[in-house]
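Chemist: From the sequence below, what's the structure:
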Amino acid sequence: MRTLPRFADVRLSAFYLLATALSFVMVRQCVAFPDSNEQETNSLKQMTLEQLGNVQVTTASKTPAAIWKTPAAVYVITREAIVRSGATTIPDALRLAPGVEVERIDTGKWSIGIRGFGSRLNRDVLVLMDGRTVYTTLLAGTYWETQDTPINDIDRIEVIRGPGATIWGPNAVNGVINIITKVASETQGTVVQARGGNVEQGGMMVRHGGKRGALNYRVYAKAFTRGSQYHPDGRNFDDWQGLQGGFRMDWAKNTRDAFTLQGDMYGQSFGESVLATTYTPPFSQVIDKDARLSGGNILARWTRTISEGNDMQLQVYYERANRHEPDVADIRNTFDVDFLDRVRLFSRNEISWGFGARFSHGYNPVVVSGLTFQPGRRTDRLISAFLQDDISLIDQKLLLSLGTKLLETNFSPVQFQPTARLMFTPSDHQTWWAAFTHAIRTPSDAERNFFLSGFIGIAPDGLPSFARFNGNPNFHSEQMNGYELGYRQLLHERLFVDVAGFYNHYGNLFSEDITGPFFIETNPAPTHHLLPAEFGNGLVGTTTGGEIAPEWQVTDSWRLRGSYSFLEMHIKKGTNSFDVGSAPSIVGSSPQHQLSLQSGFDLPRGVSLELIYRYESALPALGVAAYSTGDVSVAWTLTEHFRLSAVGQNLLQPHHAEFGGDPGPLVGIKRSAYGQITWQK
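Modeler: Below is the predicted model of the structure:
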């Protein structure tokens, strides 16, 4: 395994010393906050199934609503479930949600999809952090390695399976994932946490929260180092280290106005292996090298509550991201503003409307000649507005939601994304719902400005031969018409079930098109043969499937959760398509069957035990076989201040492959274990 470069090793050592000193100072100071009584162990007290159904979710409509009153396939991963599972990353936690395809590529990279189209950067799932979009317009997707907020600070993760286009806009085609952190008033006092193991080699987190009048705040710092996974060829390139710090302040000026200011900064050393193409010998080579990732963000939000059902919110944020990878670099500044207003009209109508503007300026210097963005500096924009009317047809029984999103980008004209949702709640613990949505995925720099070459070989005349995907200025938005039907019911005070089915029809899907025969190209030098290609809209298709997620509180101290997901994909060439045959690889990169079983126990003397079993069917396009694996998490609350944890992950085999993507043989995800100690006051 490679070690950190000297400067990074010094930074990490300095961080640990600083964190230790900071924790000592905070322990000394925490007695100055007599109301700092938040205890992490309280999150282990399980809510009843009825209480879970009444959890307020915001992702489906941008306004709070109980799960029972949500006409969408929504699932909430609670902080209790996250802590009990032993998850150390957000992708690990997402495995707890039905219908979310979480496949680990290597130590620091994942493929995360919803209802198909799995890939390293899934372009059909919109990811939010406290309502802040972290979807990149460069390559269309989410860099999960940099979404590393402390697990302890997450209040819940809301997952919408299916389109969320009306409220959130483009790229929320197959789902929305919103990671919501705790308000500062819930993180008072001091927490120090440390862990170590064979893959989770070392980690430390220090957090302190306090209060001054109407102002609540917290600050945190964390560091980690993770080892490589199993590589059959011995190229252990994927070690991963990082530092991160941040803060949050919540200020309630009065009963009407609330303000939030929060931000984060991070730096990472991220081991990658890439196949790099250049127009000079050796033309193609595998490079194992550390990527340098750094950045930060700051967000401000103002909320005014006028009356019940009548409020408004204004949110602005700025983000800076620096990615220096072995084959590509991206230096990006993003500015975003979002406004939401909710008004109750008469007694049966609730109107929600809003607008947003997003500008992202990127600079992409050339790292290898076979991968370029032209022009190297660009500013992407997204202007949007939405309107939704929730109409109570029968009071407390039948609700109709109608709405649409309008958007315009630098790559696309004004487009509409209408939706209609109908919800029937015959009782307080039973919900039927149906929905239709038209959703789009807007073009990105990857389709419009991206030039990607691949070395084919040496031709008989001695000249090198390449294929190159050129930027396509005519790439259009991908289209989806989605139809959904769902049902959830509390069958008994101890038994809950949630079922959803869907049928989606897609048009203008991303394709890899050959645009002409070989020809001789002299620029860039040297002279070579070139097969021209481009990214097009040549595929169409459908997906059909569903998810079921029952939950059973067997006894007061034993709870069972389960989920099963089925996916049937049919992707083919459209009329006049020049696609090279990429449809089978799309279909074969998402599991058709997923099964998960979780059994949680609260044992005597403050001990909790969580057992998790997972099954994933094969990914034939990637050569990944079906696999089963299991996790075990044991926690012991010694006192109100100390908690010990022992976690084993992927225990049923020494290693197994989950997804492809790195050059060379498939990476095996190792059996791993770590121990953790948490101190809080």
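
Chemist: Residue 586 - that's part of a helix, no?
Modeler: Yes - under DSSP: H, G, I helix; E, B strand; the rest coil, residue 586 sits within a helix.

Chemist: Would you mind confirming that it makes contact with residue 117?
Modeler: Yes - applying CB atoms under 8 Å as the test, residue 586 and residue 117 come out as touching, 6.6 Å apart. Any C-beta I mention is one placed from the backbone N, CA and C, and that applies to glycine too.

Chemist: ok, these two, which is more surrounded?
Modeler: Just comparing residue 586 and residue 117: by other CB atoms under 10 Å the higher neighbour count belongs to residue 117, 27 against 20.

Chemist: Report pLDDT for the more buried one.
Modeler: We have a pLDDT of 91 for residue 117.

Chemist: Return the helix or strand in the chain with minimum mean pLDDT.
Modeler: Scoring the helices and strands of the chain by mean pLDDT, DSSP states H and E places helix 6-29 at the bottom, with a mean of 35.

Chemist: quick one: contacts for residue 180?
Modeler: 58, 130, 154, 155, 156, 157, 158 (CB atoms under 8 Å, 6 or more residues apart in numbering).

Chemist: can you do 7 Å?
Modeler: When contacts are counted by CB atoms under 7 Å, 6 or more residues apart in numbering, residue 180 touches 130, 155, 156, 158.

Chemist: In JSON lines, list the residues you listed along with neighbour count.
Modeler: Below are the contacts of residue 180 laid out as JSON lines (neighbours: other CB atoms under 10 Å):
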{"residue": "130", "neighbour count": "17"}
{"residue": "155", "neighbour count": "18"}
{"residue": "156", "neighbour count": "22"}
{"residue": "158", "neighbour count": "24"}
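
Chemist: residues contacting the nearest residue to residue 330 once chain neighbours are set aside?
Modeler: Among residues not flanking residue 330 along the chain, residue 323 sits closest, at 4.5 Å (CB to CB, 6 or more residues apart in numbering). If a contact means CB under 7 Å, 6+ apart, then residue 323 has 291, 293, 329, 330 as its contacts.

Chemist: can we see that at 8 Å?
Modeler: Residue 323 makes contact with 143, 291, 292, 293, 329, 330, 331, 332, according to CB under 8 Å, 6+ apart.

Chemist: correct me, but the fifth one touches residue 362?
Modeler: No - Residue 329 lies out of contact with residue 362 (CB under 8 Å); the separation is 10.0 Å.

Chemist: quick one: which of the two has more around it?
Modeler: Set residue 329 next to residue 362 and count neighbours by other CB under 10 Å: residue 362 wins out with 22 against 19.

Chemist: Quickly note the distance from that one to residue 377.
Modeler: 7 Å (CB to CB, to the nearest Å).

Chemist: same thing with residue 144?
Modeler: Relative to residue 377, and taking CB to CB, residue 144 is found at 26 Å.

Chemist: Looking at these two, which is more packed in?
Modeler: Neighbour totals were compared for residue 144 and residue 377, and residue 144 leads with 23 against 11 (other CB under 10 Å).

Chemist: from memory that one sits against residue 109, does it?
Modeler: Yes - contact criterion CB under 8 Å: residue 144 and residue 109 qualify, at 7.5 Å.

Chemist: What mean pLDDT does the lengthiest strand in the chain get?
Modeler: Counting residues, the longest strand in the chain under DSSP state E turns out to be strand 528-555. Mean pLDDT, strand 528-555: 95.

Chemist: just stretch 367-375 next, same as before
Modeler: Averaged across stretch 367-375, pLDDT comes to 92.

Chemist: and the closest residue to residue 659 other than its chain neighbours, what element?
Modeler: Spatial nearest neighbour of residue 659, chain neighbours left out: residue 103 (3.8 Å); criterion: CB to CB, 6+ apart. Applying DSSP states H and E as the criterion places residue 103 in strand 100-104.

Chemist: relative to strand 100-104, how tilted is whatever helix or strand comes next after that strand?
Modeler: Next helix or strand after strand 100-104 toward the C-terminus (DSSP H and E): strand 110-114. Using axes from the mean of the first three to the mean of the last three CA atoms, to 10 degrees, the inter-axis angle of strand 110-114 relative to strand 100-104 is 170 degrees.

Chemist: hang on, the earlier thing: between the contacts of residue 323, which is closest to residue 436?
Modeler: When the contacts of residue 323 are compared for distance to residue 436 (CB to CB), residue 143 wins out at 32.1 Å.

Chemist: how much space is there between the nearest residue to residue 568 once chain neighbours are set aside and residue 569?
Modeler: Closest residue to residue 568 in three dimensions, ignoring its sequence neighbours and counting by CB to CB, 6+ apart: residue 544, at 4.6 Å. Distance, residue 544 to residue 569, using CB to CB: 8 Å.

Chemist: So those two - more neighbours on which side?
Modeler: Using other CB under 10 Å, the more surrounded residue of residue 544 and residue 569 is residue 569, with 21 against 16.

Chemist: For the closest residue to the more buried one other than its chain neighbours, give its distance to residue 496.
Modeler: Spatial nearest neighbour of residue 569, excluding adjacent residues (CB to CB, 6+ apart): residue 587 at 4.6 Å. Distance from residue 587 to residue 496, counting by CB to CB: 33 Å.

Chemist: three-state assignment of residue 315?
Modeler: Three-state assignment for residue 315 (three-state DSSP): strand.

Chemist: Look up the pLDDT of it for me, please.
Modeler: 95.

Chemist: Would you check that it makes contact with residue 131?
Modeler: Yes - Residue 315 lies in contact with residue 131 (CB under 8 Å); the separation is 6.4 Å.

Chemist: Determine the residues that are contacts of both of the two.
Modeler: In contact with both residue 315 and residue 131: 301, 338, using CB under 8 Å, 6+ apart.

Chemist: Could you quantify the relative orientation of the strand holding residue 103 and strand 528-555 as an angle?
Modeler: Using the same axes, to 10 degrees: strand 100-104 against strand 528-555 is 120 degrees.

Chemist: Indicate each strand paired with the host helix or strand of residue 222 and its parallel or antiparallel sense.
Modeler: According to DSSP H and E, residue 222 maps onto strand 215-226. In the sheet, strand 215-226 lines up against strand 200-212 (antiparallel), strand 240-252 (antiparallel) (DSSP bridges).

Chemist: Thanks a lot, see you next time.
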